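>>> Okay, predicted coordinates and the sequence, questions at the end:
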Amino acid sequence: MIEEIGTTELGELVVNLGPQHPSTHGVLHLVITLSGETIKKVEPHLGYIHRSIEKMCESLSYRQFIYVTSRMDYLSSHINNHGCALCVEKGLQIEVPARAGVIRVLMDELTRLASHQLWWGAMAMDVGALTPFFHAFREREAINDIMEETCGARLTMNYMAPGGVAFDLHPDFQRKVKEFLAFFRTKIDEYDELLTGNVIFRGRMEGVGYLSREDAISYGCTGPTARASGVSCDIRKIAPYEVYDQLAFDEVRESGGDCFARYIVRMKEMRQSLSIIDQLIDNIPEGEFLAKTKAVLKLPKGEFYSKVETARGEFGVFIISEGGTTPYRIKFRSPGFSNLSALDRMARGHKLGDLVAIMGTLDLVIPDIDR
Amino acid sequence: MLSFENITASIHTWLYASFPHAALLLESLIVGLCVISLFAVLGLVLVLMERKVSAYMQIRLGPNRVGPGGSLQTVADTLKLAMKEGLTPDGADKFLFNLAPFMVIVVAMLVLAPVAFAKGTQIWDLNIGVLYISAVSSLSVIGILMAGWASNNKYSLLGAMRSGAQIVSYELSAGLSVISIVVLTGSLRISDIVASQQDGWWLFKGHIPAIISFVIFIIAVTAETNRAPFDLAEAESELTAGFHTEYSGMRFALFFLAEYVNIFIVCAIAATLYMGGWMPLHIGPWTGFNHLMDYIPSSLWFMGKTFFLIFVIMWFRWTFPRLRIDQLLDLEWKYLLPISLFNLLLMTLIAIKGWHF
């Protein structure tokens, strides 16, 4: 810190945004060099919520470690679990029953919807509109209720298990989801009415935080952040898992690269998720929901990698196994970390208020960055 | 008839008859007490109103536990704030830090003087009433700058600087809008302006220029009172709480109170200038209708109009995103100022030619 203050020029102001600040949505610490209101440099400082999850996983069995990953990106905890389950299944070569595959995708998309809804509200709050937050939470509540009924939990569902899902769907699941779909289709139009066309909102979003296609690739950005810059990186399309290759949905891409493009990508993704759920909800196959596995799982010696598309981008799980009951080493590739690294590039030359808007559209979840 | 005018007149005569020497002093004392109690009541009512309005816009219920329908919630909040410790941050300029909230609140109290609350109920009907309001209300920026500077906090400083730029800019548009009404009435005295709307409000009588200047005035005063979408000075997602980040306890409450009383004042001025103040809704030759409207007390008319405008300003706050500082200044200097200058020219033409109704 002392060095940084020492390197500032006359008239520059170093401001610590966070770790306790309303718009960092967690304990992110940004050291910003300002000249007046214009940003000269943004430097994220991490580590405030580092819990050493990768190390913890090394002492947990292959059944147990999946659930720790819920605590990383808590808004798409189910998708994190999915990635881990896929990796374990790859190692053990377990065939997932058809019913379990569909249930997993349904839950993934519901999670993605819930995550994008929360992002929508929080991003609107960052640019100063407080009401959307509550409206987004009303819709998210419906999803959480569905989750609670099926999995017993609302945020960290722990529904995945190697070989399928931990328990069968609740009998009311289909009816509830259909009700939610009909309800949310009307509400997502309201979202557009309230914010998308608003002159002030467009002014805050358009042309702000530009990230070129080349930069998006070289910073390793994934998910909606990269797709808004025109990068094709939807894991569901380029490396399909479960039943994604049998579904009709589009990879949403924009060419703008600015905050508004990122906003539009997420709004369109919500509609894509709705259509995916629509396609699957009446076609859940009958049968087993969990494949028969041994009581104690032992991955063969070797290295295994699997990746899934969370609400924020590519989530990768890399396991090195020595053949024991616990992994020798686990590495997670979290989307938030790479996306955050591009923040400095996007924010330079913009105003302080823009930094908050850019962070809002990056959809940062701090425990995902810090792990 | 039991109107405010008669009550104040009878108090006046009684005081001068009973205590001829101390009457002026006593009157000042009574007026001062009235202003302070009005302040307290306004603060309590407006904060509750804001919370209820926001709650219904956000599909919530809002405060509903303390008192009937949550009506005593703000009383409880004020008591809590009064009992909290007023911290002074390390390295703060103690004198200016403590002075700033009083500066802001005193300015808000002073501006109340020429506001006509009802027929004959006005603290000080001075002949340059509108000018006085413009002049005194611009002093509040000093208090805000003082608070931002003295807090020894970078967020506060940034917020205060934003606020300074904002208030100084938007004062121009607000002033020009006020002048366009003064051009029509030919008087700066509040009572004259109200009287000139005997047969219809300026909003309707002044053709399109009056509507334009009304809209500009509402935008400008929203900015001047640091309300969303122009709440950059206290943008909580950017600057935590801007200039009052470091304030706590009663000193924070004073800033909070001043904000709400300022909203009341600017809405009262807008109601006076454009919507006839305490004057009932009169439509030119419709005598029957006009008589009917006269039965509603003038204080009710004034409060109704003012609270309607307050609701509109609250409505802004809970629906719009916040502007950025450069967009905010662009809006004023590139759009509102030229428009209001041109509008003033149009209004002058209308006033000279007598084209208004």
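Cool, the structure landed. Numbers count the residues shown, from 1 in each chain, chains lettered A, B, ... in the order given.

>>> From residue A:57, how far off is whichever residue of the stretch 151-300 of chain B sits closest to chain A?
Using CB to the nearest CB, residue B:237 is the residue of the stretch 151-300 of chain B that sits closest to chain A, at 4.0 Å. (Glycine included, C-beta is placed from N, CA and C.) Residue B:237 is 35 Å from residue A:57, where distance means CB to CB, to the nearest Å.

>>> hang on, the earlier thing: would you verify that the residue of the stretch 151-300 of chain B closest to chain A is located in a helix?
Yes - the assignment for residue B:237 (DSSP: H, G, I helix; E, B strand; the rest coil) places it in a helix.

>>> for it, what are its contacts?
A:22-23, A:125-128, A:356, B:322 (CB atoms under 8 Å, 6 or more residues apart in numbering or on different chains).

>>> Look at residue B:253 and report its pLDDT.
Residue B:253 carries a pLDDT score of 86 in this model.

>>> Select the longest helix from chain B.
Of all the segments of type helix in chain B, defined by DSSP state H, the longest one is helix B:23-57.

>>> Could you tell me which residues of the stretch 51-200 of chain B lie near chain A?
Residues of the stretch 51-200 of chain B lying close to chain A (CB under 8 Å from any CB of the partner chain) are B:54, B:57-60, B:154-155, B:158, B:162.

>>> returning to that earlier point: for the nearest residue to the residue of the stretch 151-300 of chain B closest to chain A once chain neighbours are set aside, pull up the helix or strand it's in.
Distances taken as CB to CB, 6 or more residues apart in numbering or on different chains place residue A:23 nearest to residue B:237, at 4.0 Å, with adjacent residues excluded. According to DSSP states H and E, residue A:23 maps onto no helix or strand at all.

>>> Please apply the same query to residue A:31.
Element membership of residue A:31 [criterion: DSSP H and E] is strand A:29-35.

>>> could you say what helices and strands that strand packs with?
Applying 3 or more CB pairs under 8 Å, 6 or more residues apart in numbering or on different chains; DSSP states H and E, we find strand A:29-35 packed against strand A:12-17, strand A:38-45, helix A:352-362.

>>> Mean neighbour count, the ones you listed: which tops it?
Most buried of the helices and strands packed on strand A:29-35, by mean neighbour count (mean count of other CB atoms under 10 Å in any protein chain shown): helix A:352-362, with a mean of 26.

>>> With just CA atoms, put whatever helix or strand comes next after that helix into PDB.
Next in sequence after helix A:352-362, counting helices and strands by DSSP H and E, comes helix A:366-370. Provided in PDB are the C-alpha atoms of helix A:366-370 (Å, rounded to 0.1, in the frame of the first residue of the first chain):
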ATOM      1  CA  ILE A 366     -16.300 -13.000  -4.500                       C
ATOM      2  CA  PRO A 367     -16.100 -16.500  -2.900                       C
ATOM      3  CA  ASP A 368     -15.800 -17.800  -6.500                       C
ATOM      4  CA  ILE A 369     -12.800 -15.600  -7.100                       C
ATOM      5  CA  ASP A 370     -11.100 -16.300  -3.800                       C
END
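
>>> Any chance you could list what contacts helix A:366-370?
Under the contact criterion CB under 8 Å, 6+ apart, helix A:366-370 has outside partners A:24-28, A:46-51, A:71-74, A:312, A:334-337, A:340.
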